[in-house]
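What follows is a predicted structure for the sequence shown.
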Amino acid sequence: MRITILAVGKIKKDYFREAIGEYLKRLSPYAKIDVEEIEAEPFKRESDKDKAKKIEGEKILKFLEKNEGNIIILDEKGKNFSSHEFAEFLEDKNERIIFVIGGALGFHENILENPYRKLSLSKMTFPHEMARMILLEQIYRASAIMSGKEYHY
């Protein structure tokens, strides 16, 4: 399995960095995972937020144009999977999977209006750092399910 996680923003908190590193290590026997980060666009005023989201969206689109794969946007309005359903979903993918995690402001319409598949980790909204950690844990859980490893009960 080959997976790319494209995320807006860097991991700033050590506890997220440690957890993400742990799941990347655990996943190494199951999948080749690349993490690509796009710099979050700074904004000072409320009126600058849409412009910042648009610029982030353009950076995401530029990356996606250069990289082929099954593109999946993490969005609270996306499809919810059980852990077993997510494992089946990943197992069916023969090509590279690119998961895209938005920044603090979410996605601009230039991303949301595209016909990309949308995945929801929850109906709740998480900080992008936490979303990355949860996604990696769920990929690890799915990998354990697919391989019959005792991790998911």
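Nice, I can see it.

Please state the offset of the top helix by length along the chain from the chain centre?
The longest helix of the chain (DSSP state H) is helix 128-147. Relative to its chain's centre, helix 128-147 lies at 10 Å (CA atoms, centre = their mean, to the nearest Å).

which helices and strands sit right next to it?
Packing partners of helix 128-147 (3 or more CB pairs under 8 Å, 6 or more residues apart in numbering; DSSP states H and E): strand 2-8, helix 14-27, strand 32-38, helix 83-91, strand 97-101. For every residue, glycine as well, the C-beta is placed using N, CA and C.

Minimum distance to residue 133: which of the ones you listed has it?
helix 14-27 (4.9 Å; CB to CB).

Single out the most deeply packed of the helices and strands packed on helix 128-147.
Per-residue neighbour counts averaged over each of the helices and strands packed on helix 128-147 give the maximum for strand 97-101, namely a mean of 23 (mean count of other CB atoms under 10 Å).

Pull it out as CSV, backbone CA atoms only.
Provided in CSV are the C-alpha atoms of strand 97-101 (Å, rounded to 0.1, in the frame of the first residue of the first chain):
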residue,chain,number,x,y,z
ILE,A,97,-3.9,7.0,-2.1
ILE,A,98,-3.5,10.7,-1.3
PHE,A,99,-5.2,11.9,1.8
VAL,A,100,-5.6,15.7,2.0
ILE,A,101,-5.9,17.4,5.4
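
Who are the packing partners of it?
The contact analysis (3+ CB pairs under 8 Å, 6+ apart) places strand 97-101 against strand 2-8, helix 49-66, strand 70-79, helix 128-147.

low-confidence ranges in this structure?
Residues of the chain that meet the criterion pLDDT under 70 lie in 152-153.
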